[in-house]
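Undergrad: What would the 3D arrangement of this be:
(chains A and B, ligands or ions: 4)
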Amino acid sequence: MLPFSFEKVRTEQDAIRAAAAGARYIAGGTTLIDLMRDEVERPERLVDINALPMADIRADGADLVIGALARMSDVAAHRETKRLQPLIAESLIEGASPQLRNMASMGGNLLQRVRCPYFRMLDAACNKRDPGSGCSAIDGLNAGHAILGTSNHCVATHPSDVAVALVALGATMRVRGPQGERAFPVEELFRLPGDTPHLEHTLHPGELIVEIRVPGGPYARQARYLKVRDRASYEFALVSAAVALETEGDTIRQARVAVGGVGTRPWRMRAVEEALRGKPVGRDTFTAAAHLALEGTRPLSHNHYKVELLPRTIVRALEMAGGTA
Amino acid sequence: MTKTNHDAPSGNERSLSGHDAPQRGPSRRSILQMAGGAASLAAAPAAIAQPASSEGPPTAPTTRVRLVVNGSARDLKIDPRQSILDVLRETLDLTGTKKGCNQGACGACTVLVNGRRVTSCLTLAVMHDGAEITTIEGLARGDELHPLQAAFIEHDGFQCGFCTPGQIMSGVACIAEGHATSPEQIQFWMSGNICRCAAYPGIVAAVADAAGRT
Ligand SMILES: Cc1cc2nc3c(=O)[nH]c(=O)nc-3n(C[C@H](O)[C@H](O)[C@H](O)COP(=O)(O)OP(=O)(O)OC[C@H]3O[C@@H](n4cnc5c(N)ncnc54)[C@H](O)[C@@H]3O)c2cc1C
Ligand code: SF4
Ligand code: FES
Ligand code: FES
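TA: Ligands and ions are numbered 1, 2, ... in the order given. The predicted structure follows:
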């Protein structure tokens, strides 16, 4: 690990001032320390934000409001999360391990880096780590990589689970920076790789994620997260689906669907949602709608299986949410 | 316990170079660390076996922290790069806590920080000034083993023993969290601890047994 200077701040202003001058925020450190040790990340200044009062979890009417420093385990276990947005709790529990969830913050989770193995190998070409060097995964070991939103410059998936649930539910986030405060959908945090895969998010320099707001909805309590992976637990997703249904009798009034493990960012499936609207709950409806998820997919040499697995995962998640699994 | 459970590691420099204390040739400790490093690299999810880059030569300690380790306050001068794991092992010589992957993936380094289980390899000590840390060395009361330690012996919860301190610390937390309610729950809530020897049936039985007694 390269040397860095370390500073702990007590106020948001101090944090933002330090970050605007080039310091890097550190929360749980589970992404940052790991990558600093491998010298993939090389911040010269770290600013510890854990003393800031941003770890609250609360209900605001039907909305769930989560502070950026709230730990994954605390958010998952919180009664308001379970009451208002069980999908958030389920997607959190399916991620990482109990130890890591005790450390990892919600803000850090959204900004975690990719799990592409070449990203960590300093001697491999990787446009994300070393812009212009090439992408080792496109013709390399790419079984875990994306089939949606890829470019000729990067094909890595966004690894977060809870981000998939947040995108499905239309969550928004509030950030503060040198230019003041703004709020925007979590979905808009993530950039597509295009020809600048080293730029992953839309935060301005020095911006601090303050909180995440998950709006309530009639579908919130009929919602499930399904994560398909190589092991029963504690592994990143091959494919995952976050779905929420509002039903009236046997008819679907509206649906929310987003998927993980297949996209270069958490991927909302609006065509699938549209196809579910007004249809009867059941496998035929789910299968027909889930097929629309394949629009625009571009499998790589080793991940054709995801083309098969993606609609099946959506169907199973819908069956779980619809009570027909 | 045998040292030959794992083949000699090849190309795993991590355990040897990750030290902040100077090395004098392989000690029993470093051999065990090498064995564990090899074991957990093979077991680590999503982690690709690769030579780790060196943490660099030891540098002069530059920061002061106070850690309350197993009940006693320790005022330390540390390098801000040191993880809690490295402080425990290298600065305090508490080598019960093991370094497996050094990437958060294997759970061998699990300790309790303010009562919560964490992977100490991904936790900078400088960020935990004033924290209370409980390690495997802090569980027994004198000669009397902690109920979970006793249960691990009774149920054969280990083979080589490398993952065991992490398993036990994780298990203590798992029980305290109320997550040790069934074998399935225990499997899920202990999944952050990899056992290369696959002593899982014994581990689950030990946690279930100790949970039933507390
Ligand atoms: C072995 C392992 C397995 C994992 N498995 C999963 C999994 O299955 N599913 C999953 O979703 N995740 C998984 N993770 C990732 C884990 O969830 C993230 O590492 C964690 O959520 C990051 O949060 P943190 O607080 O530790 O972030 P840090 O490491 O502290 O920070 C990460 C990044 O976010 C920035 N940052 C942090 N907070 C803020 C803020 N408030 N405002 C602006 N910037 C900020 C930092 O500057 C840094 O760039 C795994 C991690 C490991 C090590
Ligand atoms: S997929 Fe992206 S992260 Fe992986 S090697 Fe290619 S550019 Fe790097
Ligand atoms: S040493 Fe493997 S998780 Fe810390
Ligand atoms: S790794 Fe050998 S006992 Fe678990």
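Undergrad: got the contact list for residue 71?
TA: Let's take chain A. A:28, A:55, A:101-106 (CB atoms under 8 Å, 6 or more residues apart in numbering or on different chains). Using the backbone N, CA and C atoms, a C-beta is placed for each residue, glycine as well.
Undergrad: meant chain B actually
TA: By CB under 8 Å, 6+ apart, B:Gly71 lies in contact with B:Gly138.
Undergrad: Can you spell out which residues form a bridge with A:His201?
TA: A:Phe190 (DSSP bridges).
Undergrad: neighbours of residue 68, just the number please.
TA: Picked chain A for this. By the criterion of other CB atoms under 10 Å in any protein chain shown, A:Ala68 has 26 neighbours.
Undergrad: Chain B, not that one
TA: B:Val68: 14 neighbours (other CB under 10 Å).
Undergrad: before we move on, back to that, among the contacts of A:Arg71, which are in helices?
TA: Counting by DSSP state H, these place A:101-103, A:106 in helices.
Undergrad: got the residue ranges for the helices in chain B?
TA: Going by DSSP H, chain B shows helices at B:14-17, B:28-43, B:84-86, B:147-154, B:164-176, B:183-189, B:200-213.
Undergrad: A:Thr287: what secondary structure?
TA: The three-state label given to A:Thr287 by DSSP: H, G, I helix; E, B strand; the rest coil is helix.
Undergrad: Identify the residue spatially nearest to the residue nearest the centre of chain A, adjacent ones excluded.
TA: The centroid of chain A falls nearest to A:Ala163 when counting by CA atoms, centre = their mean (2.7 Å). Excluding the flanking residues, the one nearest A:Ala163 by CB to CB, 6 or more residues apart in numbering or on different chains is A:Pro266, at 4.4 Å.
Undergrad: Tell me which residues touch the residue lying closest to A:Leu192 once chain neighbours are set aside, please.
TA: Closest residue to A:Leu192 apart from its sequence neighbours, by CB to CB, 6+ apart: A:Gly149 at 5.0 Å. Contact analysis of A:Gly149 by CB under 8 Å, 6+ apart lists A:192-193, A:263-265, A:267.
Undergrad: In CSV: those residues, plus pLDDT and secondary structure.
TA: Shown next, in CSV, are the contacts of A:Gly149 (pLDDT from 0 to 100; DSSP: H, G, I helix; E, B strand; the rest coil):
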residue, pLDDT, secondary structure
A:Leu192, 98, coil
A:Pro193, 98, coil
A:Gly263, 98, strand
A:Thr264, 98, coil
A:Arg265, 98, coil
A:Trp267, 98, strand
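Undergrad: any idea which of those residues has the most stuff around it?
TA: That'd be A:Trp267 among the contacts of A:Gly149, by other CB under 10 Å, with 27 neighbours.
Undergrad: And B:Ala73, how close does it get to ligand 2?
TA: Using CB to the nearest ligand atom, to the nearest Å, we find B:Ala73 at a distance of 44 Å from ligand 2.
Undergrad: Okay, domains of chain B per the record?
TA: Listed by automatic domain parsing, the domain ranges of chain B are B:63-138, B:141-214.
Undergrad: anything in the first one near ligand 4?
TA: No. Domain B:63-138 stays clear of ligand 4 (CB under 6 Å from any ligand atom), getting no nearer than 8.0 Å.
Undergrad: Quick one: end-to-end distance for that domain.
TA: This stretch, domain B:63-138, spans 25 Å end to end (CA to CA, to the nearest Å).
Undergrad: picking up where we left off before, where among the helices of chain B is the average confidence lowest?
TA: Ranked by mean pLDDT, the helices of chain B end with helix B:14-17 at the bottom, a mean of 32.
Undergrad: So what's the residue count around A:His153?
TA: With other CB under 10 Å as criterion, A:His153 counts 18.
Undergrad: I figured it hits A:Leu192, correct?
TA: No. Here A:His153 lies out of contact with A:Leu192, judged by CB atoms under 8 Å, at a distance of 10.3 Å.
Undergrad: Show the average pLDDT along stretch B:113-125.
TA: pLDDT averaged over stretch B:113-125 gives 98.
Undergrad: Show me how far it is from its chain's centre.
TA: Here the centre of stretch B:113-125 is set off from its chain's centre by 10 Å, with CA atoms, centre = their mean, to the nearest Å.
Undergrad: ok, it near ligand 3 or not?
TA: Yes. Judged by CB under 6 Å from any ligand atom, stretch B:113-125 comes into contact with ligand 3 through B:119, B:121.
Undergrad: so how far is A:Pro193 from the residue nearest to A:Leu192?
TA: As judged by CB to CB, to the nearest Å, A:Gly149 and A:Pro193 stand 7 Å apart.
Undergrad: Now for those two: what residues contact both?
TA: Common neighbours of A:Gly149 and A:Pro193, counting by CB under 8 Å, 6+ apart, are A:Thr264.
Undergrad: circling back to that earlier point, highest average neighbour count across the domains of chain B?
TA: domain B:63-138 (a mean of 22; mean count of other CB atoms under 10 Å in any protein chain shown).
Undergrad: Enumerate the residues of chain B near ligand 3.
TA: B:40, B:99-102, B:104-109, B:119, B:121.
Undergrad: TSV for those, including distance to B:Arg74?
TA: TSV is the format used below for the residues of chain B next to ligand 3 (distance: CB to CB, whole Å):
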residue	distance to B:Arg74
B:Ser40	27
B:Lys99	20
B:Gly100	24
B:Cys101	26
B:Asn102	22
B:Gly104	24
B:Ala105	28
B:Cys106	26
B:Gly107	24
B:Ala108	22
B:Cys109	18
B:Thr119	21
B:Cys121	19
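Undergrad: and which of these is nearest B:Glu177?
TA: B:Gly107 (15.1 Å; CB to CB).
Undergrad: quick one: contacts for the residue lying closest to the closest one once chain neighbours are set aside?
TA: Nearest in space to B:Gly107, with sequence neighbours left out and distances taken as CB to CB, 6+ apart, is B:Asn193 at 3.5 Å. By CB under 8 Å, 6+ apart, the contact set of B:Asn193 is A:97, B:106-108, B:110, B:163, B:166-167, B:170, B:203.
Undergrad: for A:Asn102, same thing?
TA: A:Asn102 sits next to A:71-73, B:116-118 when contact means CB under 8 Å, 6+ apart.
Undergrad: Same question for B:Gly96.
TA: B:135-137, B:165.
Undergrad: now do A:Ala18
TA: Applying CB under 8 Å, 6+ apart, we find A:Ala18 in contact with A:7, A:9, A:45, A:47.
Undergrad: quick one, domains of chain A?
TA: According to automatic domain parsing, the ranges for chain A are A:5-50, A:223-322.
Undergrad: Kindly confirm my reading that A:Val259 is in a helix.
TA: No. Using three-state DSSP, the assignment for A:Val259 is strand, not a helix.
Undergrad: burial of it, as a residue count?
TA: A:Val259 has 29 nearby residues by other CB under 10 Å.
Undergrad: Let me see the confidence value for it.
TA: On pLDDT, A:Val259 comes in at 98.
Undergrad: And it, how far from A:Leu318?
TA: Applying CB to CB to A:Val259 and A:Leu318 gives a distance of 12 Å.
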